[in-house]
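**Q** Structure, please.
(chains A and B)
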Amino acid sequence: MQLDAVVLFFVLGLAAGILKVRLPFPGGLYQTLTLFLLLAIGLKGGAALAEHASLRIVRESLLVVGFGVVLPLMAFPLLRYVGGLNRVNSAAIAAHYGSVSVATYAVAVAVLDAAGVAYEPYFPLFVVLLEIPAIIVGLVLAKGLSAGLASRKLAHETLLSPGIVLMVGGLLIGAFAGDSLSKISPFFMDLFQGALALFLLKMGLITTEQLGALKQDGPFLTAFGIFMPLLAGGLGALLGQGLGLSVGGITLLAVLGASASYIAVPAAMRVALPQANATLSMAASLGITFPFNVLAGIPLYLLLAQWLHGS
Amino acid sequence: MPQHSRQRFFILFVALLNLGLATALIANGHAGLPLGVIGIALLPLAWLAGRNPAAATDTQRGGDSYAA
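**A** All right, here's what the predicted structure looks like:
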């Protein structure tokens, strides 16, 4: 059996966390790696966008945004009526599950690269697009239609969050830099896998911290954190198939649907819904859904994509 | 239907879904073990949800987010 090296770093972090090993992982390094990954993903996508810009991408983008609206609408009733959570917490968690995890996306890309599976190179555009709609839908679910982005502070937090700015900035630089991009490619492209491995080591440690919260807050959220990626991943794969994407593209759209945010959405929810319990959302998205996707989900979505694609 | 029964059924459904997927994967020569383990691990949680319905209610504790 062969496991992806990047995923094994995550397993190492999990093991260290469970064994309560104090790994000296500086907080600043974690922030630096996050910044690096967001920029690198944006740059890759921007370079690809410059090469492949077409009306087809616009059509696909609109459908992907629609997908981002539907996901929290499916998660909300489950949380509210099966889980018995209050309206605000249901809406906040639903927003997390409608948005995407850049780290899960990065792992999926690493797995596809290692397996030699081709995918549409403009996918970082979809990552950026899927970050935002779920936040707005989550707010509407919590506060009603009038809420929207009425608050200037919230609009700023949503549309200009560090994650969005770095990825969109990377996309624009990648799209307009032309050949000069090759000057920074050795740093941002060649070191990507190593940086991702270190990042996942830290994520493994963080995941074990979040699991502690789930011990108190419920078996339901554990099941929800596993069910949602299966449902949303399946729908993402079907959408990818409908859009005529490649096997890698179908897999990545499934991964984007299946993943839950812990970068853009928590920051936005902290401003928009301060009464929501952030621990519940983070424990489910980071403690359950992220490891589920990394360890079991991504290979499953790849198989599903191959099956749908008939290859 | 009481809240904890709904939770129990849901957890049981997710457990069986994972076990079903694991079986299908293994039957077709793929690695289904992770999903099988998850399915089995979920089964006692269905029992716990009924035993401790307060576990899934909202505690208004603050929490750190890892918004980087």
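**Q** what are the ranges of the strands in chain B?
**A** Using DSSP state E, chain B contains no strands.
**Q** hey, which helix is longest across it?
**A** The longest helix of chain B (DSSP state H) is helix B:3-27.
**Q** hmm, who's touching it?
**A** With contact meaning CB atoms under 8 Å, 6 or more residues apart in numbering or on different chains, helix B:3-27 is reached by A:78, A:81-84, A:219-220, A:222-224, A:226-227, A:230, A:300, A:303, B:31-36, B:38-40, B:42-43, B:45-47, B:49-50, B:53, B:56. C-betas here are computed from N, CA, C, even on glycine.
**Q** Give the rounded mean pLDDT of it.
**A** In this model, helix B:3-27 carries a mean pLDDT of 92.
**Q** So which of the contacts of helix B:3-27 belong to helices?
**A** In helices, defined here by DSSP H, the members of the contacts of helix B:3-27 are A:219-220, A:222-224, A:226-227, A:230, A:300, A:303, B:33-36, B:38-40, B:42-43, B:45-47, B:49-50.
**Q** re earlier: sort out which of the contacts of helix B:3-27 are buried, if you could.
**A** Among these, those scoring as buried are A:78, A:82-84, A:219-220, A:222-224, A:226-227, A:230, A:300, A:303, B:31-32, B:34-36, B:38-39, B:42, B:45-46, B:49, B:53, B:56 (criterion: 16 or more other CB atoms under 10 Å in any protein chain shown).
**Q** How many residues are close by A:Phe187?
**A** By the criterion of other CB atoms under 10 Å in any protein chain shown, A:Phe187 has 13 neighbours.
**Q** what's it sitting at in phi/psi?
**A** A:Phe187 adopts backbone torsions of phi -80, psi -50, taken as degrees, to the nearest 10.
**Q** Contacts only, for it.
**A** A:Phe187 makes contact with no residue, according to CB under 8 Å, 6+ apart.
**Q** Distance-wise, check it relative to A:Gly242.
**A** As judged by CB to CB, to the nearest Å, A:Phe187 and A:Gly242 stand 38 Å apart.
**Q** next one: A:Leu159
**A** Between A:Leu159 and A:Gly242 the computed distance is 29 Å (CB to CB).
**Q** Check A:Ala197 too.
**A** The spacing between A:Ala197 and A:Gly242, counted by CB to CB, is 34 Å.
**Q** now B:Leu48
**A** For B:Leu48, the distance to A:Gly242 (CB to CB) stands at 39 Å.
**Q** Between these two, tell me which one has more neighbours.
**A** B:Leu48 (19 against 12).
**Q** where are the low-confidence patches of the stretch 201-311 of chain A?
**A** Counting by pLDDT under 70, the ranges of the stretch 201-311 of chain A that qualify are A:213, A:215-217, A:263-264, A:267, A:311.
**Q** Around chain B, which positions in it sit nearby?
**A** Taking CB under 8 Å from any CB of the partner chain as the test, the list of the stretch 201-311 of chain A residues beside chain B reads A:206, A:213, A:216-224, A:226-227, A:230, A:262-264, A:266-267, A:270, A:275, A:277-282, A:286, A:292, A:295-296, A:299-300, A:303.
**Q** ok so, going back, going by neighbour count, which residues in the longest helix of chain B are buried?
**A** Going by 16+ other CB under 10 Å, helix B:3-27 has these buried residues: B:3-4, B:6-8, B:10-12, B:14-15, B:17-19, B:21-22, B:25.
**Q** Nothing else from me, thank you.
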